[in-house]
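1. Build me a structure from this.
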Amino acid sequence: MSAPAAASAVGFRFADLAAARIGYFDAGAGDCVLLVHGSYGSSSHWAHNVGALSRRARIVAPDLPGFGASANAPAGADLAYFARSLGELMEALGEPSFSLAGYSFGCLVAAQLAREKPASVRTLTLVSPPICATPPEMEELQRRIGELASRGATRAAVELMLERIALHEPGRRTEEAVRLTLDNLRRCRFRARPLQRASSLAELLKAVSCPVGALLGAADPFYAGEAARAAEKLEQALPGAQAQLVAGAAHWVCYDAPEATNAAILAAALRAPVHASVHASVHASLK
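-> This is a model prediction of the structure:
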């Protein structure tokens, strides 16, 4: 294992680990928070979070093996492999204790890491956790998006995904969001969806001992209009977990509602108070 080496991009580095060569953003100082991206993604899933969070903590946002700038994942890679690669990264960075936040598929990887390294993971924040089975209408929509991409209409596929799945706020459906998603798709080599379907977040959480919080987009189509019930299901799976709905957010909560996401991550990691305006937006849909 070699020491992390700086890359050409400011703040982006590489670490050659036993599991894989991993690229990661490293910003800020102080208590450490590890951010785990979702499927068909990279560390850019946290594009609107790293800067703000790094003013209060050290933020490490890696590309998982098989995604982004990192090396390929081995054939048949499972959650344990991805968790092990992140554990090696944090050891290489000299961070024996850290908080975790996972987005979508990243929630599964983060929960696996939390159960494998209970002495290292202080808190776990789940953003858009896959706690429910995918509704049939979402399976059909994903099939349509896949067909568009397979016919070469990749931009049309991305725009449909952003409009119908990822983002609720029209102002967030920007050229930046399209560009980031197109780049993530281009660089994605690991198909995470089969692994996600074969995994149970509820089962993983049964063996997690650290404090757990969750953010669910009130307009996330994966909850089929039942986000409040999804939050209840998560809290039932892990008594003591605190699940919150974010009004005006769809599936890509960390991009759709970055202020609420940042506040929740910091509140968990640093026990920082949530600003009153953010607290109100997070709970608005529960009233």
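
2. make it CA atoms for all contacts and neighbour counts henceforth
-> Noted.

3. Any chance you could list what contacts stretch 182-190?
-> Here stretch 182-190 makes contact (C-alpha atoms under 8 Å, 6 or more residues apart in numbering) with Tyr40, Gly41, Ser42, Gly66, Phe67, Gly68, Ala69, Asn72, Ala73, Thr154, Arg155, Val158.

4. show me what contacts the third one?
-> For Ser42, the residues meeting the contact criterion (C-alpha under 8 Å, 6+ apart) are Pro62, Asp63, Leu64, Phe67, Gly68, Asn184.

5. A ChimeraX selection for the contacts of stretch 182-190, restricted to the buried ones, would help me check which they are.
-> Only the buried entries of the contacts of stretch 182-190 go into this ChimeraX selection, using 16 or more other C-alpha atoms under 10 Å:
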select :40,41,42,66,67,68,69,72,73,154,158
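
6. Looking at the contacts of stretch 182-190, which are in helices?
-> Thr154, Arg155, Val158 (DSSP state H).

7. now those in JSON lines, with distance to Phe12?
-> Converted to JSON lines, the ones in helices among the contacts of stretch 182-190 look like this (distance: C-alpha to C-alpha, whole Å):
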{"residue": "Thr154", "distance to Phe12": "27"}
{"residue": "Arg155", "distance to Phe12": "27"}
{"residue": "Val158", "distance to Phe12": "26"}
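
8. Rebuild those as JSON lines, extending it with pLDDT and distance to Tyr255.
-> Shown next, in JSON lines, are the ones in helices among the contacts of stretch 182-190 (pLDDT from 0 to 100; distance: C-alpha to C-alpha, whole Å):
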{"residue": "Thr154", "pLDDT": "96", "distance to Tyr255": "21"}
{"residue": "Arg155", "pLDDT": "96", "distance to Tyr255": "19"}
{"residue": "Val158", "pLDDT": "97", "distance to Tyr255": "15"}
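
9. sorry, back to before: so which of the contacts of Ser42 belong to strands?
-> Pro62 (DSSP state E).

10. so can I have JSON lines of the contacts of Ser42 showing distance to Glu176?
-> Conversion of these to JSON lines gives the following (distance: C-alpha to C-alpha, whole Å):
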{"residue": "Pro62", "distance to Glu176": "20"}
{"residue": "Asp63", "distance to Glu176": "19"}
{"residue": "Leu64", "distance to Glu176": "22"}
{"residue": "Phe67", "distance to Glu176": "19"}
{"residue": "Gly68", "distance to Glu176": "17"}
{"residue": "Asn184", "distance to Glu176": "12"}
